[in-house]
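Novice: What shape does this take:
(one chain, ligands or ions: 1)
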Amino acid sequence: MKHETHETVVILDFGSPYTQLLARRIRELKVYCGILPHNASWEQIQALNPQALVLSGGAKSLYDQDAPTADPKIYHLGLPVLGIGYGMQLMAKDLGGVVRAADRREYAPTTLRVLVENDLFAGLGQELTVELSHSDHVETVPPGFTALATANNTPVAAMENQDARLYAVQFHPEVVQTQEGTELLKNFLFNIAGLSGNWTPAAFIADTVRQIREAVGPNEQVVCGLSGGVDSSVAAALVHRAIGDRLTCIFVDHGLLRKDEAKQVMETFTRLFKMKIIQVDAADQFLNKLAGVSDPEQKRKIIGAEFIQVFQEEAAKLGQIDYLVQGTLYTDVLESGTAGTMIKSHHNVGGLPEDLKFKLIEPLNHLFKDEVRRVGEELGIPEELVWRHPFPGPGLAIRILGEVTREKVELLQAADAIFIDEIKKAGLYREIWQAFAVLPDIRSVGVMDNQRTYAYTVALRAVTSQDGTTADWYRFPPEVLARIANRIVSEAPHVNRVVYDITGKPPSTIEWE
Ligand code: XMP
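Specialist: Residues are numbered from 1 along each chain as shown. The predicted structure is shown next:
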């Protein structure tokens with residue numbers, strides 16, 4: 001299924017660490033942008049119906065044995081093309097220019113001088129500071145091209161062939177170190193490629209709702225597993241807008257959610273959206289299965305298996321199900337290398353058995369997380385839910401080290417709620433990717449009201465991150481930490497000590513188990 005109604009740019013990815021950042025920059029300019037591998041066939045590129053192409057930077061040299069290449073047709077179809085870094089070198093080489101090899105590569109801020117008036121640099125001034133990779137570079141432009149800019153050690157830092165609509169820069173306009181990088185991208189997208197920038201959350205919703213309506217037949221039934229998280233909530237709300245009561249959500253409350261989370265989810269979706277939701281209160285069932293289990297992997301397995309069983313039992317009661325909604329994001333799609341359509345046949349999702357005969361609807365599989373949040377806001381999902389920090393499927397079970405008991409779950413929920421409350425009061429919640437309390441299996445000695453205590457330690461974890469793959473610990477103002485610790489020891493039961501985790505990922509993970 002294609003996104004036909006909006007403008008599209010395709011980035012061919014040559015392996016630069018900045019490719020996703022580049023896509024986000026283009027999307028921030030309200031132009032939908034998809035990433036394809038560099039060796040995508042012309043047919044695959046055309047299937048996205050792009051109005052412009054961008055060739056990303058790369059991590060290799062053109063002169064490496066396995067240097068990535070692209071279908072040379074891309075230069076000859078009248079589509080505007082912008083090459084960046086490696087993308088510029090490849091364009092130069094493919095079209096008959098000379099690229100000089102260098103024996104080292106180093107990114108550095110460099111002063112760039114614009115040589116001639118041109119569309120790409122229009123309004124950007126004569127000199128700019130740019131993030132330039134001192135590596136292989138174009139020495140002689142291909143026939144028909146003009147050098148647009150130069151820098152130390154890089155005779156041709158930008159080039160164009162206006163008639164052929166081909167443009168290229170040796171530096172990275174997508175990184176913050178490049179001054180006016182966004183302006184250059186705007187010049188390319190709006191002035192050169194003639195795009196208008198109309199891809200907004202509202203346009204995305206209209207488009208997606210239409211596609212879902214076209215795909216799901218009038219008598220077909222759709223089911224969605226609501227977890228309380230942002231992704232499944234936004235996915236459910238979108239599908240609900242498209243097909244109303246033909247969607248049934250199943251919300252399995254395993255009793256390991258954050259404090260009041262289950263209540264909030266139910267209120268939002270039943271009262272506000274009037275969705276059909278089956279809430280399964282399975283806390284006892286999950287806790288019984290977890291009794292006596294301390295091994296983290298074992299806990300995950302038990303919860304995963306139990307979850308599927310409960311979900312399946314509930315789904316089976318609904319009769320024929322034709323579609324399952326999943327909150328898959330674009331980052332998952334890129335990671336799995338299966339650039340997909342929004343609606344596809346099911347291939348053993350998250351451990352669900354093969355004999356469940358349904359197709360998948362993945363309405364968010366073209367979006368990054370922050371875009372999902374903007375779509376959620378546009379759909380009217382309350383801010384508190386839309387901006388909620390990510391939460392792992394196995395929930396608090398993997399934040400309670402050692403055996404999970406109801407007493408520990410309640411204690412952790414209380415400490416976690418205080419932590420989050422104080423973060424919100426300090427206005428820091430959105431700066432932080434994820435913040436939560438952990439209950440290590442530790443008791444220690446303390447003193448309260450002149451009495452010796454022997455009680456639990458609570459650990460606090462707060463990290464900044466783009467997507468959870470790497471993370472840094474968050475630097476709280478000390479007075480905020482002090483307030484949090486004071487409140488936790490006085491308000492959460494059986495806690496006499498609070499510690500703060502100051503490790504990044506790597507070497508730690510975000511979760512403790
Ligand atoms: P780690 O702990 O691996 O976590 O650094 C990275 C991100 O993934 C989340 N996470 C999970 N999410 N099921 C999930 O849905 C899981 O089993 C799971 N384990 C970790 C974690 O909260 C963080 O955002």
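Novice: partners of the stretch of helix or strand Ile250 belongs to, with directions?
Specialist: Following DSSP states H and E, one finds Ile250 within strand 247-253. Applying DSSP bridges, strand 247-253 is found paired with strand 222-226 (parallel), strand 276-281 (parallel).
Novice: buried sites along the last one?
Specialist: For strand 276-281, burial by neighbour count (16 or more other Cβ atoms under 10 Å) applies to 276-277, 279. Any C-beta I mention is one placed from the backbone N, CA and C, and that applies to glycine too.
Novice: And the next helix or strand past the strand holding Ile250?
Specialist: helix 261-266.
Novice: Averaged pLDDT, that next one. What do you get?
Specialist: Across helix 261-266, the average pLDDT comes to 93.
Novice: Give the other helices and strands that that helix contacts.
Specialist: Counting contacts by 3 or more Cβ pairs under 8 Å, 6 or more residues apart in numbering; DSSP states H and E, helix 261-266 is packed against strand 247-253, strand 276-281, helix 383-386.
Novice: Alongside the ligand, which residues does the stretch 1-150 of the chain contribute?
Specialist: Taking Cβ under 6 Å from any ligand atom, no part of the stretch 1-150 of the chain reaches the ligand.
Novice: Now do the contacts for the residue in the stretch 1-150 of the chain that the ligand sits nearest to.
Specialist: As assessed by Cβ to the nearest ligand atom, the ligand sits closest to Gln20 within the stretch 1-150 of the chain, at 16.6 Å. Counting by Cβ atoms under 8 Å, 6 or more residues apart in numbering, Gln20 makes contact with 35, 331, 334, 368.
Novice: want to throw the buried residues of strand 276-281 into a markdown table with distance to the ligand and pLDDT?
Specialist: Formatted as a markdown table, the buried residues of strand 276-281 follow (distance: Cβ to the nearest ligand atom, whole Å; pLDDT from 0 to 100):
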| residue | distance to the ligand | pLDDT |
| --- | --- | --- |
| Lys276 | 24 | 97 |
| Ile277 | 20 | 97 |
| Gln279 | 20 | 96 |
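Novice: Specify which member of those residues is nearest to Ala102.
Specialist: Checking the buried residues of strand 276-281 against Ala102 by Cβ to Cβ gives Ile277 as the nearest, at 59.8 Å.
Novice: Identify the residue nearest that closest one in space, chain neighbours excluded?
Specialist: The shortest distance from Ile277 to any non-neighbouring residue, by Cβ to Cβ, 6 or more residues apart in numbering, is to Cys249 (4.5 Å).
Novice: what does Pro363 give?
Specialist: Per Cβ to Cβ, 6+ apart, closest to Pro363 is Leu238, 4.8 Å.
Novice: How about the contacts made by Asp64?
Specialist: Asp64 neighbours (Cβ under 8 Å, 6+ apart): none.
Novice: what about it, distance to Thr150?
Specialist: Distance of Asp64 to Thr150, computed by Cβ to Cβ, to the nearest Å: 26 Å.
Novice: In three-state terms, how would the residue of the stretch 151-300 of the chain found nearest the ligand be classified?
Specialist: For the stretch 151-300 of the chain, the residue closest to the ligand is Arg300, as judged by Cβ to the nearest ligand atom, at 5.9 Å. Secondary structure, DSSP: H, G, I helix; E, B strand; the rest coil: Arg300 is helix.
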